[in-house]
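[1] show me the folded form of this:
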Amino acid sequence: MSHIIIQTTDEEFKHYLSKAYADGYARAVKEHCSNTKNEWLTKDEAMKLLNVTSSTLDNLRHKRLIEYNRSSRPFLYSRESLEAYMRSKVIATSHV
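    Coordinates of the predicted model:
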């Protein structure tokens with residue numbers, strides 16, 4: 001077994017560990033949630049699906065207009081809820 005030595009500052013190392021932990025935890029929660037009927041999306045996936053900015057997605061979450069999983073950081077968003085929100089915003093048009 002070989003070892004790799006990386007020189008870094010304490011702050012860089014703390015940042016790397018916290019990001020690795022957060023990414024790993026979010027992935028584990030997402031995998032767990034994906035075993036249920038509802039699919040859970042990351043923030044980037046939810047923003048892409050809705051075609052909105054990060055702040056707009058945050059506002060929808062704060063107003064409780066979409067479902068999200070609070071047990072994970074970063075949050076995961078319910079695809080079913082996002083699609084329901086999009087359907088609620090469709091404007092019916094009439095053909096004359």
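
[2] can you give me the strands in this structure?
    Remark: strands assigned in the chain by DSSP state E are 40-41, 68-69, 76-78.

[3] got those as a markdown table, with distance to residue 51 and mean pLDDT columns?
    C-betas here are computed from N, CA, C, even on glycine. Below are these laid out as a markdown table (distance: least, C-beta to C-beta, whole Å; pLDDT from 0 to 100):
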| stretch | distance to residue 51 | mean pLDDT |
| --- | --- | --- |
| strand 40-41 | 13 | 91 |
| strand 68-69 | 18 | 90 |
| strand 76-78 | 14 | 93 |
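
[4] could I get those strands as CSV with mean neighbour count?
    Formatted as CSV, those follow (neighbours: other C-beta atoms under 10 Å):
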stretch, mean neighbour count
strand 40-41, 23
strand 68-69, 20
strand 76-78, 23
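
[5] CSV for those, including distance to residue 61?
    Below are the strands of the chain laid out as CSV (distance: least, C-beta to C-beta, whole Å):
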stretch, distance to residue 61
strand 40-41, 12
strand 68-69, 5
strand 76-78, 8
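
[6] how about the contacts made by residue 49?
    By C-beta atoms under 8 Å, 6 or more residues apart in numbering, the contact list for residue 49 reads 41, 79, 82-83, 86.

[7] which one (most neighbours) among those?
    Within the contacts of residue 49, most neighbours by other C-beta atoms under 10 Å means residue 82, with 24 neighbours.
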